[in-house]
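In: Below: sequence and its predicted model.
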Amino acid sequence: MQKSTFAIVSLVLISCTANPNESLVKAASRGDIAEIEAALGRGANVDFVDKNGYDALTISTMRDKPECVRILLKRD
């Protein structure tokens with residue numbers, strides 16, 4: 001029980017301290033709607049381009065994540 005609590009707390013801390021732009025791109029890649037919303041709430045820029053030259057909208061489209069695409073288009 002303690003290990004799982006530690007893991008959850010660690011993930012929350014990492015999510016809160018990570019660069020919101022990088023978090024947005026990673027969340028888009030995974031289709032993680034909650035993290036996309038969280039990253040946007042922390043000030044992520046929807047036009048941020050990762051080291052490969054892709055933004056979150058492009059990644060969501062390439063990975064067939066239509067709900068992520070809808071969220072990102074509303075914020076653009």
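Out: Noted; the coordinates are in hand.
In: in this structure, which spans are helices?
Out: 2-17, 20-30, 33-41, 56-62, 66-75 (DSSP state H).
In: ok, of the ones you listed, where does mean pLDDT dip lowest?
Out: Per-stretch mean pLDDT for the helices of the chain is lowest at helix 2-17 (a mean of 59).
In: Quick check: chain neighbours aside, which residue is closest to G43?
Out: Nearest residue to G43, sequence neighbours excluded (Cβ to Cβ, 6 or more residues apart in numbering): P20, at 5.4 Å. Glycine gets a C-beta too; all of them are placed from N, C-alpha and C.
In: That neighbour: how many residues sit nearby?
Out: One way to gauge burial is a neighbour count; for P20, by other Cβ atoms under 10 Å, it gives 19.
In: what comes up buried for stretch 21-36?
Out: Using 16 or more other Cβ atoms under 10 Å as the test for burial, stretch 21-36 gives 21, 23-29, 31-32, 35-36.
In: got CSV for these, with distance to C68 too?
Out: As requested, the buried residues of stretch 21-36 are arranged in CSV below (distance: Cβ to Cβ, whole Å):
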residue, distance to C68
N21, 15
S23, 13
L24, 10
V25, 11
K26, 12
A27, 8
A28, 5
S29, 9
G31, 6
D32, 8
E35, 10
I36, 6
